[in-house]
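Participant: Kindly return the folded structure for what I paste below:
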Amino acid sequence: MSEIVTVRIDKRTKEKIRKHKINVSETVRTALRTEIQKREEKELGDALREAGKILRKIPEAEIVKAVRQSRDER
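Facilitator: Reported below is the predicted structural model:
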């Protein structure tokens, strides 16, 4: 299902859209998808940095032990 989004623009912008025959719907969809992807990538990067901070606090020997134990359980 789709939703309707309304945006108010000035007359001059509307004239330029017509002049350049811009497909507003597709342009807005593309811009929104791009912005969403950018923000999701930032959130993922932030989460990875936070995970890295936590993992740095765990001694390397503990990590090695956990990996070996996990492999042995297979």
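Participant: going forward, measure contacts between C-alpha atoms and count neighbours the same way
Facilitator: Fine.
Participant: Torsion angles phi and psi at Glu3?
Facilitator: phi -120, psi 160 (degrees, to the nearest 10).
Participant: And Thr30, by the same measure?
Facilitator: The phi/psi pair for Thr30 (degrees, to the nearest 10) is phi -60, psi -50.
Participant: what's the burial count for it?
Facilitator: As a burial measure, Thr30 scores 12 neighbours (other Cα atoms under 10 Å).
Participant: Now Thr27: which helix or strand?
Facilitator: For Thr27, the host element (DSSP states H and E) is helix 24-56.
Participant: going on from that helix, what's the next piece of helix or strand?
Facilitator: Downstream of helix 24-56 (by DSSP H and E), the next one is helix 60-73.
Participant: Put the alpha carbons of that next one into CSV.
Facilitator: What follows is helix 60-73, C-alpha atoms only, in CSV (Å, rounded to 0.1, in the frame of the first residue of the first chain):
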residue,chain,number,x,y,z
GLU,A,60,41.7,-11.3,23.6
ALA,A,61,42.1,-14.6,25.4
GLU,A,62,38.4,-14.6,26.3
ILE,A,63,37.4,-14.0,22.7
VAL,A,64,39.7,-16.8,21.4
LYS,A,65,38.3,-19.1,24.0
ALA,A,66,34.7,-18.3,23.0
VAL,A,67,35.5,-18.8,19.3
ARG,A,68,37.2,-22.2,20.0
GLN,A,69,34.3,-23.3,22.2
SER,A,70,31.8,-22.3,19.5
ARG,A,71,33.7,-24.3,16.8
ASP,A,72,34.0,-27.3,19.0
GLU,A,73,30.2,-27.4,19.6
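Participant: relative to helix 24-56, how tilted is it?
Facilitator: 110 degrees (axes from the mean of the first three to the mean of the last three Cα atoms, to 10 degrees).
Participant: Who are the packing partners of the lowest-mean-pLDDT helix or strand in the chain?
Facilitator: For the chain, scoring each helix and strand by mean pLDDT, DSSP states H and E identifies helix 60-73 as the least confident one, at a mean of 91. The contact analysis (3 or more Cα pairs under 8 Å, 6 or more residues apart in numbering; DSSP states H and E) places helix 60-73 against no helix or strand.
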